[in-house]
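[1] Give me coordinates for this.
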Amino acid sequence: MALLPITQYGDSILRKTVKPIKAIDDEIILTIRNMFNTMRNANGIGLAGNQVGLDKQIFVIDVSPVEGYEHIKPVVMINPKIIKKSDEKVIIEEGCLSLPELRVDVERAESIIVKYLSVAEEEEEIEAHDLFARVILHEYDHLIGKMIPDRIDSEERKKIQPILQQIINREIPCEYPITEDK
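    Numbers count the residues shown, from 1 in each chain. Sure thing, here's the model as predicted:
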């Protein structure tokens with residue numbers, strides 16, 4: 001399995017609404033394996049297709065390394081749709097593999113219902129809570145061209161502007177492969 005370079009803040013594909021997957025073929029299956037490998041190598045718990053340069057609605061999640069979430073199996077969500085978000089919101093610190101070294105508090109729904117296609121091309125629907133819901137929402141944001149800086153207020157955005165510029169300039173060292181394009 002290959003390690004894919006992870007796109008960084010400033011890469012244009014991260015600001016695109018990506019396209020639905022029409023068919024799950026051998027190339028998509030290989031990409032999924034490589035995405036899991038890439039995510040785990042970078043110590044991540046979620047990775048969206050456009051974070052590895054793929055213009056497709058897909059993400060992988062594995063929250064099982066996190067204490068209290070060992071029972072949740074790794075999941076691939078293809079063409080996901082958020083059907084419902086709880087009114088209850090929770091603020092928790094988030095990070096992102098495309099925003100190395102940046103961690104900020106982000107408000108998100110405590111629970112969600114999401115519909116998606118599985119790798120077997122079967123429609124699935126699950127209810128997710130807490131961290132699992134947060135990771136799904138975070139990865140879903142990637143598919144619609146949104147990132148953490150879009151989820152915080154303007155004062156917080158001003159505070160993180162210097163580190164965002166460092167990320168764009170590739171000045172933040174990463175222990176995983178990243179794209180070279182800006």
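
[2] Run through the helices of this protein in chain order.
    Ranges of helices in the chain, per DSSP state H, are 26-41, 130-143, 154-168.

[3] can you list these in a markdown table and add mean pLDDT and mean neighbour count?
    C-beta coordinates here come from the backbone N, C-alpha and C atoms, glycine included. Shown next, in a markdown table, are those (pLDDT from 0 to 100; neighbours: other C-beta atoms under 10 Å):
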| stretch | mean pLDDT | mean neighbour count |
| --- | --- | --- |
| helix 26-41 | 97 | 17 |
| helix 130-143 | 98 | 21 |
| helix 154-168 | 96 | 13 |
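
[4] and those helices as TSV, adding distance to Thr17?
    Formatted as TSV, these follow (distance: least, C-beta to C-beta, whole Å):
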stretch	distance to Thr17
helix 26-41	19
helix 130-143	7
helix 154-168	21
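
[5] Contacts only, for the closest residue to Leu137 other than its chain neighbours.
    Closest residue to Leu137 apart from its sequence neighbours, by C-beta to C-beta, 6 or more residues apart in numbering: Arg108 at 5.1 Å. Arg108 sits next to 89-90, 92, 133-134, 137-138, 151 when contact means C-beta atoms under 8 Å, 6 or more residues apart in numbering.

[6] now do 10 Å
    Residues in contact with Arg108 (C-beta atoms under 10 Å, 6 or more residues apart in numbering) are 85-86, 89-92, 94, 133-138, 141, 151.

[7] Could you do Ile136 as well?
    So, once contact is read as C-beta under 10 Å, 6+ apart, Ile136 ends up touching 46, 59, 61, 63, 75, 77, 80, 82, 108-109, 112, 114, 116, 126, 128.

[8] Also Glu88?
    109-111.

[9] so how far is Arg40 from the residue lying closest to Asp130 once chain neighbours are set aside?
    Spatial nearest neighbour of Asp130, chain neighbours left out: Glu110 (6.8 Å); criterion: C-beta to C-beta, 6+ apart. Glu110 sits 27 Å away from Arg40, going by C-beta to C-beta, to the nearest Å.

[10] got it, and Ile148?
    Taking C-beta to C-beta as the measure, Ile148 falls 21 Å from Arg40.
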